[in-house]
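Trainee: With the sequence up front, the predicted model follows.
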Amino acid sequence: MKSNPKDKYGKKKVANLSVIPPASIIYEGLAMMDGAEKYGPFNWRENKVIAHIYIDACIRHLMSWWDGEDLSEDAKKHHLGHAKACLGILADAIETGNLIDDRPAPGAAAQLLKRHTKT
């Protein structure tokens, strides 16, 4: 079978986007739209963001979901979408230089996780 001429160029580009589940993108998009309505779209590109604010929000959404609540009380959007939105903003802020990185000094978490992983 003859390949499309674009194939040889397309194979060189980022190709991992097609493995993201559509539900994941939709949940995050709904949460991002809620944030855009409240704070303005891409507001973190105009004003730097503090890392711990978004980590705390992400953890709150994960805990709420883990404890049995699917939708956030205020926005009525899925908690997992809000958690992904927090992480997405952090990733974008890192790449655009708009992150205030207030993480504590490195600790032992990574080593503890490795040490307590069952083999």
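Mentor: Happy to help now that I have it.
Trainee: the bottom helix or strand of this structure by mean pLDDT?
Mentor: helix 7-10 (a mean of 82; mean pLDDT, DSSP states H and E).
Trainee: average pLDDT for the very next helix or strand once past that helix?
Mentor: Toward the C-terminus, helix 7-10 is succeeded by helix 22-39 as the next helix or strand (DSSP states H and E). On average, the pLDDT along helix 22-39 is 98.
Trainee: now stretch 44-63
Mentor: 98.
Trainee: Output the least confident helix or strand of the chain as CSV - backbone C-alpha positions only.
Mentor: The C-alpha trace of helix 7-10 is given here as CSV (Å, rounded to 0.1, in the frame of the first residue of the first chain):
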residue,chain,number,x,y,z
ASP,A,7,3.1,10.3,6.7
LYS,A,8,6.9,10.7,6.6
TYR,A,9,6.6,14.2,8.2
GLY,A,10,3.8,13.3,10.6
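Trainee: quick check, distance from that helix to the centre of its chain.
Mentor: Computed by C-alpha atoms, centre = their mean, to the nearest Å, the separation of helix 7-10 from the middle of its chain amounts to 29 Å.
Trainee: Tell me which residues of that helix come out buried.
Mentor: Going by neighbour count (16 or more other C-beta atoms under 10 Å), nothing in helix 7-10 comes out as buried. Quick note: C-beta positions are derived from backbone N, CA and C, even for glycine.
Trainee: And stretch 90-103, by the same measure?
Mentor: Residues 90, 93, 98-99 are the ones in stretch 90-103 that count as buried (16+ other C-beta under 10 Å).
Trainee: Name the nearest of these relative to Leu62.
Mentor: Of all the buried residues of stretch 90-103, Leu90 has the smallest distance to Leu62: 14.1 Å, by C-beta to C-beta.
Trainee: For that closest one, which non-adjacent residue is closest in space?
Mentor: Excluding its sequence neighbours, the residue lying closest to Leu90 (C-beta to C-beta, 6 or more residues apart in numbering) is Tyr54, at 5.1 Å.
Trainee: Spit out the contact partners of the one you found.
Mentor: 86-87, 89-90 (C-beta atoms under 8 Å, 6 or more residues apart in numbering).
Trainee: let's go with 6 Å and repeat that
Mentor: 86, 89-90 (C-beta atoms under 6 Å, 6 or more residues apart in numbering).
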